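Novice: What follows is a protein structure lacking sequence information:
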């Protein structure tokens with residue numbers, strides 16, 4: 001239990017940069033959707049570009065983040081040598097990527113549909129290369145169990161990014177009207193969405209400067225023999241990572257190519273991307289859990305009772321994911337105001353995207369069996385199947401059903417790989433998950449969601465009150481089954497009195 005408490009503590013602290021940070025970035029969603037109307041397709045550009053950079057980030061780290069954790073925890077490896085070798089490897093490849101992008105900037109821009117704004121591609125190329133390089137010092141902070149510093153540096157990107165976006169999209173237009181001389185020398189109102197990328201570039205550079213202490217104070221040495229072993233371990237993770245991130249973003253990347261009307265494609269993609277942001281609570285929780293769970297698993301491997309810890313961690317991950325699902329879906333009348341009304345037509349994707357994100361988290365938890373036995377190619381097989389299925393369903397269904405097909409394709413893909421990974425994992429590295437307990441929570445969640453969906457109450461306040469009762473039923477069941485109040489020290493003392 002002490003180990004699980006430590007995991008929970010780290011998850012909360014990492015969540016300060018992931019969950020709270022992403023929540024603060026929610027401020028940008030209403031900002032973008034208010035300033036970039038659905039009909040303009042501007043938010044579709046944001047959705048498309050960040051989907052591409054998410055894929056490139058996986059390619060440019062090529063599994064070395066996980067490889068670092070694996071080798072730095074080996075007793076026969078020097079931790080400084082592992083860190084130095086990883087930094088040099090990822091740093092060199094990131095620099096080469098920037099050079100190649102600028103060498104072929106115009107052909108790349110033309111192919112992606114940004115011929116009129118090749119600087120978008122240039123800025124995001126620098127951003128994704130810097131992000132890839134920064135993954136390693138951030139991984140080092142996680143290895144050293146310094147979640148507070150990790151979160152603090154993450155906030156050095158988040159807060160300035162929000163302020164700069166507010167400056168470009170709110171302050172500059174106002175100043176241009178009332179005090180034109182103050183901003184007319186650098187601000188172009190027609191540049192629009194481009195300022196989102198400018199802000200990102202500035203803040204990523206600030207974050208790199210904050211990591212200087214993690215990049216100095218030791219002797220850089222490239223261990224070629226060690227690097228070969230790390231690459232042999234990490235390359236299958238690259239394949240796994242590409243397939244995995246494609247599962248998440250491929251619909252947003254290929255979406256513009258599936259419509260003959262490119263303007264309509266950007267409009268629909270913008271609506272889908274904005275509506276999906278409402279479901280980001282699940283993704284944020286999954287990411288925070290992953291930051292804490294990856295070093296936790298490798299650190300506890302081979303300890304007595306580790307399999308029981310993995311099973312318990314899975315149960316509690318699903319439990320809190322279901323809480324997040326109900327919280328968003330029962331209070332969607334409130335959460336929908338995150339995006340502008342012109343995007344509300346896409347809110348039907350929210351429950352689908354949330355379930356898909358939860359399944360992605362479950363799959364991540366299941367994936368550790370092949371990482372712990374150094375059989376990472378299994379992950380490539382599973383994610384490859386999911387990726388193929390998602391791409392196929394998108395190609396077949398998006399031209400007819402639009403962005404709703406994207407959401408359902410992701411859900412089907414994640415469900416498939418989760419089931420396959422579980423079945424194979426139970427043969428290769430069996431873990432006794434509490435399927436009965438998990439199943440009861442899932443069924444109760446589904447029942448409460450269906451009741452909330454089909455009981456129609458016109459008055460908004462009465463409707464929210466009714467849904468609060470439903471949510472309270474779920475919380476009460478959790479307390480009864482897995483979190484008895486008498487186990488909480490303060491309440492236990494009150495009960496005894």
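Specialist: Structure received. Quantities reported herein were computed from a predicted structural model and do not represent experimental measurements. Numbers count the residues shown, from 1 in each chain.

Novice: Show me which parts of the longest helix belonging to the chain are buried, residue by residue.
Specialist: The longest helix of the chain (DSSP state H) is helix 224-254. Residues of helix 224-254 classed as buried by neighbour count (16 or more other Cβ atoms under 10 Å): 226-227, 229-230, 233-254. Where C-beta positions appear, they are placed from N, C-alpha and C, glycine not excepted.

Novice: how about the closest residue to residue 344 other than its chain neighbours, what does it touch?
Specialist: Spatially, and ignoring its direct neighbours in sequence, residue 344 is nearest to residue 336 (6.0 Å; Cβ to Cβ, 6 or more residues apart in numbering). Residues in contact with residue 336 (Cβ atoms under 8 Å, 6 or more residues apart in numbering) are 278, 344, 347.

Novice: Tell me the spacing between the last one and residue 404.
Specialist: As judged by Cβ to Cβ, to the nearest Å, residue 347 and residue 404 stand 11 Å apart.

Novice: Check the second one too.
Specialist: Distance from residue 344 to residue 404, counting by Cβ to Cβ: 14 Å.

Novice: quick one, helices of the stretch 301-450 of the chain?
Specialist: Here the stretch 301-450 of the chain has its helices, by DSSP state H, counting those that start in this stretch, at 306-330, 332-335, 350-366, 368-372, 377-401, 403-428, 435-454.

Novice: what's the closest of the ones you listed to residue 471?
Specialist: Nearest to residue 471 among the helices of the stretch 301-450 of the chain is helix 306-330; the distance by Cβ to Cβ comes to 5.3 Å.

Novice: what's that closest one packed up against?
Specialist: Helices and strands touching helix 306-330, by 3 or more Cβ pairs under 8 Å, 6 or more residues apart in numbering; DSSP states H and E, are helix 2-25, helix 280-300, helix 350-366, helix 435-454, helix 460-481.

Novice: hmm, try it at 6 Å
Specialist: Other elements packing on helix 306-330 under the criterion 3 or more Cβ pairs under 6 Å, 6 or more residues apart in numbering; DSSP states H and E are helix 280-300, helix 350-366, helix 435-454, helix 460-481.

Novice: Adding mean neighbour count, mean pLDDT and distance to residue 84, write those out as JSON lines.
Specialist: Formatted as JSON lines, the helices and strands packed on helix 306-330 follow (neighbours: other Cβ atoms under 10 Å; pLDDT from 0 to 100; distance: least, Cβ to Cβ, whole Å):
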{"stretch": "helix 280-300", "mean neighbour count": "21", "mean pLDDT": "59", "distance to residue 84": "19"}
{"stretch": "helix 350-366", "mean neighbour count": "23", "mean pLDDT": "87", "distance to residue 84": "28"}
{"stretch": "helix 435-454", "mean neighbour count": "14", "mean pLDDT": "92", "distance to residue 84": "42"}
{"stretch": "helix 460-481", "mean neighbour count": "14", "mean pLDDT": "90", "distance to residue 84": "46"}
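
Novice: so can I have CSV of the ones you listed showing distance to residue 69?
Specialist: Below are these laid out as CSV (distance: least, Cβ to Cβ, whole Å):
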stretch, distance to residue 69
helix 280-300, 5
helix 350-366, 14
helix 435-454, 27
helix 460-481, 32
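
Novice: Which of those helices sits closest to residue 116?
Specialist: helix 280-300 (30.1 Å).

Novice: Can you say which of the helices of the stretch 301-450 of the chain is nearest to residue 475?
Specialist: Closest to residue 475 of the helices of the stretch 301-450 of the chain, according to Cβ to Cβ: helix 306-330, at 7.7 Å.

Novice: Can you say which helix or strand has residue 220 in it?
Specialist: Assigned by DSSP states H and E, residue 220 falls within no helix or strand.

Novice: For it, which residues are in contact?
Specialist: Shown in contact with residue 220 (Cβ atoms under 6 Å, 6 or more residues apart in numbering): residue 84.

Novice: Can you tell me how far it is from residue 160?
Specialist: Distance from residue 220 to residue 160, by Cβ to Cβ: 29 Å.

Novice: same check, this time on residue 61
Specialist: From residue 61 to residue 160 the distance is 24 Å (Cβ to Cβ).

Novice: Looking at the two, which one has more neighbours?
Specialist: Using other Cβ atoms under 10 Å as the criterion, residue 61 and residue 160 rank with residue 61 on top: 28 against 16.

Novice: so that one sits right up against residue 135, yeah?
Specialist: Yes - if you go by Cβ atoms under 6 Å, residue 61 and residue 135 touch, sitting 5.2 Å apart.

Novice: what pLDDT does residue 49 get?
Specialist: You'll see residue 49 listed with a pLDDT of 83.

Novice: er, residue 53 I mean
Specialist: 88.

Novice: which non-adjacent residue is nearest it?
Specialist: Using Cβ to Cβ, 6+ apart, the closest residue to residue 53 is residue 128 (4.5 Å).

Novice: Over to residue 463?
Specialist: residue 457 is the one closest to residue 463 (Cβ to Cβ, 6+ apart), at 4.1 Å.

Novice: what about that neighbour, is that helix, strand or coil?
Specialist: Three-state call for residue 457 (DSSP: H, G, I helix; E, B strand; the rest coil): coil.

Novice: what about it, distance to residue 432?
Specialist: Counting by Cβ to Cβ, the gap from residue 457 to residue 432 is 43 Å.

Novice: and what of residue 145?
Specialist: Residue 145 sits 28 Å away from residue 432, going by Cβ to Cβ.

Novice: Comparing those two, which shows the higher neighbour count?
Specialist: Legend: neighbour count by other Cβ under 10 Å for residue 145 and residue 432, higher for residue 145 (15 against 10).

Novice: Can you tell me the element the more buried one falls in?
Specialist: Under the criterion of DSSP H and E, residue 145 resides outside all helices and strands.

Novice: residues in contact with residue 466?
Specialist: Counted by Cβ under 6 Å, 6+ apart, residue 466 has contacts residue 457.

Novice: swap in the one 5 residues further on?
Specialist: With contacts taken as Cβ under 6 Å, 6+ apart, residue 471 has the following neighbours: 326, 330.

Novice: make it 8 Å
Specialist: Contacts of residue 471 (Cβ under 8 Å, 6+ apart): 326-327, 330, 448.

Novice: contacting residues for residue 440?
Specialist: Taking Cβ under 8 Å, 6+ apart, we find residue 440 in contact with residue 481.

Novice: Can you tell me how far it is from residue 433?
Specialist: 13 Å.

Novice: Equivalent analysis for residue 326, please.
Specialist: 22 Å.

Novice: and residue 185, how many neighbours?
Specialist: The tally of other residues near residue 185 (other Cβ under 10 Å) stands at 7.

Novice: thinking again about what came up before, need the contacts of residue 471 in CSV (columns: distance to residue 379).
Specialist: Converted to CSV, the contacts of residue 471 look like this (distance: Cβ to Cβ, whole Å):
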residue, distance to residue 379
326, 30
327, 31
330, 35
448, 34
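
Novice: nearest to residue 209, of these?
Specialist: Proximity of those to residue 209 (Cβ to Cβ) peaks at residue 327, which lies at 37.0 Å.

Novice: Quick check: neighbours shared by residue 61 and residue 135?
Specialist: Shared contacts of residue 61 and residue 135 (Cβ under 8 Å, 6+ apart): residue 90.

Novice: Give me the below-cutoff pLDDT ranges for the stretch 201-350 of the chain.
Specialist: Along the stretch 201-350 of the chain, segments meeting pLDDT under 70 span 281-306.

Novice: sorry, back to before: got phi/psi on the residue nearest to residue 463?
Specialist: phi -130, psi 120 (degrees, to the nearest 10).

Novice: Does it touch residue 469 like I think?
Specialist: No - in this structure residue 457 lies outside contact range of residue 469 using Cβ atoms under 8 Å: 11.5 Å.

Novice: residues near residue 43, how many?
Specialist: Residue 43, neighbours per other Cβ under 10 Å, totals 30.
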